[in-house]
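Novice: this is a predicted model, with the sequence first.
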Amino acid sequence: MTLARIDDKGDRLVVVNMNAKRRGAISPELYAAIVEATKQAEDPRIRAVILTSEGGYFCAGGDLNVLIERRKLSEPERREKIDGLHTMIRSIRNCPVPVIAAVEGGAAGAGASIALACDMIVASAGTQFIASYVRAGLVPDGGLTSSLAKMLPRQLAMEMCLLARPVTAERMAELGVISEVVEAGQTDSAADRIVDQLAKGPRVAQGVIRGLVASGYDNSEDTQLDLERDAMARAQVGDEASEGISAFLEKRKAEFK
């Protein structure tokens, strides 16, 4: 049974988690599809990657039946399995175009890790984000602690991880983590609207901006200033800047190729 697929929609790639019977539990097929989509996004016609799901639930995280079987493996073998998840997370972080999560119903465990690794999130009303690991005597993976530490107050991050307290999409939106909260069944349309707006902008500049914002969380101010200087110096002589500056001075809409 196929548990994930990539839909090519011209200027965007949509990765669909098809594991609806297990509330979108992570599968090797999902790993492979997300990594492949981020590779295909190198194509200049692609403006964004959307991660979505079937069945009304974004991703319930790891399948506990699978994790039970992994107890039989050696520690190096278990590390290798987790590295598969982390390779996928890195592919999202390093994607050349923005990655948008369309989250319906909930994102739990590694499902929350995947959603929070994305550049923007749209979620349906009442959706819950849950760091559920502690309920099973496990610890977060998939970069979840890094994401939570950067996005949320320390105390709320601790509540989520230590008590497995769900946080609603509405609360996450108040904290600036979620771009938009929409009615159930409307997250894909909301993600498409974001991509429609991105598609009108300068692709190269967007990619550089994406990288600068990401590095800004970890770099010193001096390092970041140098990166911005170098990026701006290159951008000023690019075709996109030529069109963008001309359009601004001529009081017309820029038409980026």
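Specialist: Thanks, I have it.
Novice: tell me which element residue 123 falls in.
Specialist: Using DSSP states H and E, the element containing residue 123 is strand 120-124.
Novice: and the contacts of that strand?
Specialist: Here strand 120-124 makes contact (Cβ atoms under 8 Å, 6 or more residues apart in numbering) with 98, 100-105, 115, 169, 172-173, 177-187, 190-191, 194. To be clear about C-beta, it is placed using only N, CA and C from the backbone, and glycine gets the same treatment.
Novice: off-centre distance for the next helix or strand after that strand?
Specialist: Using DSSP H and E, the helix or strand that follows strand 120-124 towards the C-terminus is strand 128-130. Relative to its chain's centre, strand 128-130 lies at 15 Å (Cα atoms, centre = their mean, to the nearest Å).
Novice: and residue 107, backbone torsions?
Specialist: The phi/psi pair for residue 107 (degrees, to the nearest 10) reads phi -140, psi 110.
Novice: contacting residues around it?
Specialist: In this structure, residue 107 makes contact with 58, 59, 101, 114, 115, 127, 128, 129, 130, judged by Cβ under 8 Å, 6+ apart.
Novice: contacts only, for the closest residue in space to the fourth one that isn't next to it in sequence.
Specialist: With Cβ to Cβ, 6 or more residues apart in numbering as the measure, residue 59 is the residue that lies nearest to residue 114, at 6.0 Å, once sequence neighbours are left out. Contact analysis of residue 59 by Cβ under 8 Å, 6+ apart lists 17, 23-26, 30, 53, 107-108, 110-112, 114-115.
Novice: what's the helix or strand for residue 13?
Specialist: strand 12-17.
Novice: which helix in this structure runs the most residues?
Specialist: helix 75-93 (DSSP state H).
Novice: and the helix or strand harbouring residue 192 with strand 12-17, angle?
Specialist: If you go by DSSP H and E, residue 192 is part of helix 187-199. Interaxial angle of helix 187-199 relative to strand 12-17 (axes from the mean of the first three to the mean of the last three Cα atoms, to 10 degrees): 150 degrees.
Novice: between helix 187-199 and strand 120-124, how many degrees?
Specialist: 150 degrees.
Novice: which strands or helices does helix 187-199 pack on?
Specialist: Where contact means 3 or more Cβ pairs under 8 Å, 6 or more residues apart in numbering; DSSP states H and E, helix 187-199 is packed against strand 12-17, strand 48-53, strand 99-103, strand 120-124, strand 180-182.
Novice: how about the ones you listed, which one is nearest residue 237?
Specialist: With Cβ to Cβ as the criterion, residue 237 lies closest to strand 48-53 of these, at 26.0 Å.
Novice: quick one on the thing from earlier: adjacent strands (with direction) for the strand holding residue 13?
Specialist: strand 4-8 (antiparallel), strand 48-53 (parallel) (DSSP bridges).
Novice: return the set of buried residues in whichever helix or strand comes after the longest one.
Specialist: Proceeding N to C from strand 48-53, the next assigned helix or strand is helix 64-70, under DSSP H and E. For helix 64-70, the buried set under the neighbour-count rule, 16 or more other Cβ atoms under 10 Å, is empty.
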